[in-house]
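**Q** could you look at this predicted model? Sequence included:
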Amino acid sequence: MVRTTRAFVAGAMVLVALALPGVASRAATVKVADPTSVVMIVNRDSNEIAFMDIKTKKIVGKTFLGNNVNPHMVMMSPDGRYVVTGGTRANKAYIIDARTLELVKVIPVDIAPEHLAFSPDGRWYYQGNPEGDSISVIDMVSLTKIKTIPGLVEPLNVVFVPDGSKAYVGNYGAHWVGVIDVRRHELLKKIQIAEVPGVAKLDPAKYLGEIKGINIPQITNDGRFLYAADTDLGVVGKIDPREDKVVKVIRVGKAPWRIYMSHDGNYAITPNNGDQTISIIDLRTDKVAATLEAGENMTGVNFAAGKAFVISSTSGFVYTYDMKTLRPAGRIKVGSNIQLETATTDAADEKLYLADSTENAVVIIDAKTYAIEKVMNVGLFPWGTHIMDSKDNYCH
Amino acid sequence: MPRMANMPGMGERTTQTNAEGGFSFDQVAPGQYVLQVDFTGFERSSQEITVAGQPVTVTVTLQPLEIVGVQPAPGAPGAAADNEALLGRIKALEQRINELEANTVLSEPETRVKRIEVYTDPNGNQYDQPTPGAKKTTTYQRERVYRRQVLSEKLEQALADAEAKKIAVGVSAASVTHYASQTSGSSHDADGHFYQLSSADLLFSAGLAQYTSFFADLVGLSGAPPDAEISGLTLLNSYTARLVRQNEVNVREAWMRTELFSQRLAISAGRLDLTNYFDRNGFANDETSQFISDALVTNPALGLTTNGSGVAGVFDPKNGFAFKAGFQQSNTDATNLSESLYTLVESDYVARPKGLSEGSYRVWFRNDNSKGSNRNGVGISADQKLNPFLGLFGRWGTSEAEVKRDNFYSLGFQVQNGVVFNPLDYWGVGYAQTDLGAGAHEKMVEGYYNFHISEKLRLSFHLQHQFEAPSGSGSTGFLLPVVRVQARF
């Protein structure tokens, strides 16, 4: 028996809903008891977040967001209480109760919200709005948008430093990284990671036609530095966040998509879609240790079982590399005439959960044996996956 | 991290608080529950409760809902009531907008054709799930989705779809200008002469079927290369190898390619340039962007002087090892393949020696029966990056000849990143030596700098020095400054 509660708002009439067994089920039913036990799947065309139990590989619930919402990236709050996503074509952020999978809040943000991040303490949810050139700041205590940070240029990804005092924003429409003062939620600085070469003015078709700048400034595992790849310039800039200055520029292959940190903290990888290679950067020397052949249209890199797994979106392959020898380690064929998106790695670094959008499937890859298993009908056009506490949670 | 057992089949109960804000639920079975509290003007409170047969007391605190841009006048009479009414109104409007947006299709639903697996019985009845008497078959079906696309996305997709169905056409054009200055030997007519050779390749490619494609390269050349006047064991201008007849368009390559065994094995058949598959040295293999001397583009011991009809197979499991085998007609005047058969096999390995970057190492073996007997050759080729700036390359080869064996080697380096004018420029220096069994020798040294002007345009400056020592006569030396303009689009 539950006895009473105490007062919460003096003089107020309050509706209390208590989920109980044996009564007609509705949203408040607990569907996910352990937030680390599920893979979250963003289904872009069925406009929902699906939750797949890692052990049983069954979909335990789905949260429908609304027609034409087109969610882009999903993430669990650090306390495991909420799941959030940005609805790109609805211009809204969606907050889902992680246990009941009930949609508890819809918050209008700026134009075309895509990628997002939480502050380390879980208080702030930064939602990037690439077509609004802004970041929406959402308070996870009150579940309200408290501010919009303007002045960015197609902000794609946000990364917080470990103490939560600053956040760094990759601007895909420019060649600089934005530094956000998290206490005031204001753009503090712009850090240009490399100069545009003088010869660029002879190539207006490339430099004036379309800009492909910085996707994400990725922080090292020890939190001491950030590395940001610039696609047009073909370089990676190393930023010291203590002084907010570039301390090293490393040339990599053509058109690096972004940079991914290995779990042991020794290496970083850029998939270079311009020349279909990957550059492996030794973070101890800040030099390219190896440039190896890869596939077309690479969308992500995961690390597991001592290897790197590079997703080649349109070829249907995942290319693998031995991170000890820094040599190719084969490739995994996922299918033909399919499109692969991004993957997350489980917390044990044993399996990858790869979104296979055109097959409406999630592909589970065993990192040791390369065996694959497809979980079909997870929703329409799965665009990305996420596991709480995974080291490979990213989007594209 | 709060955790509780999953309890499928749970329902909900609701109640309202009393005037003091208290409430209670009776007859609650032991278990784990979610308690939610709502009130107009406040954020929802949601928390877990564990019931274990004993009364549970819970205290709930609601946070006021903050609406950006709405600030009630402090201390104003009736401000709280006004604010409450305003918040209620805003919430109602938000709800209406959300419903409107959710239910209004602003763009047509997108459709996509998917390959699906279904189950069909002998009567032709189709089932989505396995059904007794029905067998699994594959079919295609349209799928309707609710993806809202902006106009630019629709246009991009339509253009990409149209592009994928077209035959891709590319152009590779180059103009190479030499100046010859004799440095040693008896007087030669070529001393002080300028030479220019222009080349244009039209490249066509198209997809024919799953993992099967067609490629053709039509080339036309015009002008006079130095090789017409300065005879050597190898070509000063590697483009000269493409020259069949001036001012005519010739088929350089035309082949079909298919990929088998999960795309591990690629087989190309047709008129081929086998050097596109074999001995692909990373720093000395491309006359369009690296060295211009043929001795620093390929290995003369390969003994392959012309393209011809043939087959090339490349087995590459993408694990650092690759195996290649091919054959082609080696004499275009031959009336059959059996008497002009050139065969080649190669094994490749990607290594990463301790402390160095990656390198590629190859060993090959070839046989040619076009001279009336089998003549073999063997060679190695390597390119090794020492660091992100400097890479070394080397080749060695030996082949059977009419008199003794012909021997060849080359070596050199390429520099990029940091020691260049522009970020994507690179430069290199190479040396090649050819020693024929019949006694003739050639030494070639070349340095070049390649300017990356734009994605489509490159300009390079070269300096060649050739020493030619024909069998039984004195040596001749030439210094040749070269300018190459190369466009590709």
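**A** The structure has been received and is ready for your questions.
**Q** return the residues of the stretch 301-450 of chain B in contact with chain A.
**A** Counting by C-beta under 8 Å from any C-beta of the partner chain, the stretch 301-450 of chain B comes close to chain A at B:317-320, B:350-352, B:357-358, B:385, B:387-388, B:417-418, B:422-424. (C-beta placed from N, C-alpha, C; glycine too.)
**Q** where do the helices sit along chain B?
**A** Shown for chain B, the helices assigned by DSSP state H span residues B:79-103, B:151-165.
**Q** and what of chain A?
**A** Taking DSSP H as the test, the helices found in chain A are A:204-207.
**Q** for residue B:455, see how far away the spatially most central residue of chain B is.
**A** Nearest to the geometric centre of chain B sits residue B:318, at 13.5 Å (C-alpha atoms, centre = their mean). To residue B:455, residue B:318 is 27 Å away according to C-beta to C-beta, to the nearest Å.
**Q** mind checking pLDDT for the closest residue to chain B within the stretch 201-350 of chain A?
**A** Going by C-beta to the nearest C-beta, chain B is nearest to residue A:203 of the stretch 201-350 of chain A, at 3.7 Å. Per-residue pLDDT puts residue A:203 at 86.
**Q** try residue A:5
**A** Looking at residue A:5, its pLDDT is 40.
**Q** what do you get for residue B:338?
**A** Per-residue pLDDT puts residue B:338 at 82.
**Q** try residue A:13
**A** At residue A:13, the predicted lDDT confidence score is 38.
**Q** what's the answer for residue B:388, then?
**A** 89.
**Q** quick one: residues contacting it.
**A** Residue B:388 sits next to A:250, A:251, A:287, A:288, B:357, B:416, B:417, B:418 when contact means C-beta atoms under 8 Å, 6 or more residues apart in numbering or on different chains.
**Q** closest to residue B:333 out of the residues you listed?
**A** residue B:416 (42.7 Å; C-beta to C-beta).
**Q** neighbours of residue A:103, just the number please.
**A** By other C-beta atoms under 10 Å in any protein chain shown, the residues close to residue A:103 number 18.
**Q** what sits against it?
**A** By C-beta under 8 Å, 6+ apart, the residues touching residue A:103 are A:63, A:64, A:65, A:94, A:95, A:96, A:97.
**Q** okay, and the beta partners of it?
**A** residue A:96 (DSSP bridges).
**Q** show me the longest strand that occurs in chain B.
**A** Longest strand of chain B, by residue count under DSSP state E: strand B:194-209.
**Q** give me the nearest residue to residue 265, chain neighbours excluded.
**A** Reading this off chain A. Nearest residue to residue A:265, sequence neighbours excluded (C-beta to C-beta, 6 or more residues apart in numbering or on different chains): residue A:221, at 3.8 Å.
**Q** can you look at chain B instead?
**A** Spatially, and ignoring its direct neighbours in sequence, residue B:265 is nearest to residue B:315 (5.0 Å; C-beta to C-beta, 6+ apart).
**Q** wait, doesn't the one you found sit right on residue B:264?
**A** Yes - counting by C-beta atoms under 8 Å, residue B:315 touches residue B:264, with 6.1 Å between them.
**Q** tell me, what's touching those two both at once?
**A** Between them, residue B:315 and residue B:264 share no contacting residue under C-beta under 8 Å, 6+ apart.
**Q** and the pLDDT at residue A:209?
**A** pLDDT recorded at residue A:209 is 82.
**Q** low-confidence stretches in the chain?
**A** Unless you meant another one, I'm taking chain A. Filtered on pLDDT under 70, chain A yields the residue ranges A:1-28.
**Q** wrong one, chain B
**A** By pLDDT under 70, the low-scoring segments of chain B are B:1-11, B:65-79, B:98-99, B:101-109.
**Q** rewinding a little: distance of the nearest residue to the residue nearest to the centre of chain B once chain neighbours are set aside from residue A:311?
**A** In this structure, residue B:318 finds its nearest non-sequential neighbour in residue A:331, 4.4 Å apart by C-beta to C-beta, 6+ apart. Residue A:331 sits 11 Å away from residue A:311, taking C-beta to C-beta as the criterion.
**Q** overlap in contacts, those two.
**A** Shared contacts of residue A:331 and residue A:311, defined by C-beta under 8 Å, 6+ apart, comprise residue A:318.
**Q** can you count the residues close to residue 49?
**A** Using chain A. Residue A:49, neighbours per other C-beta under 10 Å, totals 25.
**Q** my question was about chain B, not that one.
**A** Neighbour count for residue B:49, taken as other C-beta under 10 Å: 18.
**Q** so it touches residue B:58, yeah?
**A** Yes - under the criterion of C-beta under 8 Å, residue B:49 makes contact with residue B:58 at 6.2 Å.
**Q** once you drop chain neighbours, what's closest to residue A:87?
**A** That would be residue A:69: by C-beta to C-beta, 6+ apart, it lies 3.7 Å from residue A:87.
**Q** whoops, residue B:296 was the one
**A** The spatial neighbour of residue B:296 that comes closest, neighbours along the chain excluded (C-beta to C-beta, 6+ apart), is residue B:430 at 4.4 Å.
**Q** for that neighbour, which residues count as its bridge partners?
**A** residue B:412, residue B:446.
**Q** show me the contacts for residue B:264.
**A** When contacts are counted by C-beta under 8 Å, 6+ apart, residue B:264 touches B:315, B:316, B:317, B:318.
**Q** and if you look at residue A:311?
**A** Residues in contact with residue A:311 (C-beta under 8 Å, 6+ apart) are A:298, A:299, A:300, A:301, A:302, A:318, A:340, A:341, A:342, A:343, A:354.
**Q** output the residues you listed as a markdown table; include the columns distance to chain B.
**A** Formatted as a markdown table, the contacts of residue A:311 follow (distance: C-beta to the nearest C-beta, whole Å):
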| residue | distance to chain B |
| --- | --- |
| A:298 | 14 |
| A:299 | 16 |
| A:300 | 18 |
| A:301 | 16 |
| A:302 | 17 |
| A:318 | 11 |
| A:340 | 15 |
| A:341 | 14 |
| A:342 | 18 |
| A:343 | 18 |
| A:354 | 17 |
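**Q** from the residues you listed, which would you call buried?
**A** A:298, A:299, A:300, A:301, A:302, A:318, A:340, A:341, A:342, A:343, A:354 (16 or more other C-beta atoms under 10 Å in any protein chain shown).
**Q** my read is that the last one contacts residue A:367, right?
**A** Pointing back at residue A:354 there. No - in this structure, residue A:354 is not within contact of residue A:367 by C-beta under 8 Å, at 11.5 Å.
**Q** count of residues packed around residue B:401?
**A** Neighbours of residue B:401 under the rule other C-beta under 10 Å: 17.
**Q** ok, now residue B:210?
**A** Neighbours of residue B:210 (other C-beta under 10 Å): 9.
**Q** which residue packs closest to it, ignoring adjacent ones?
**A** In space, residue B:210 comes closest to residue A:336 once its chain neighbours are excluded; the distance is 6.7 Å by C-beta to C-beta, 6+ apart.
**Q** dump the residue contacts of residue B:274.
**A** Applying C-beta under 8 Å, 6+ apart to residue B:274 gives the contacts B:304, B:307, B:310, B:312, B:326, B:328, B:342, B:344.
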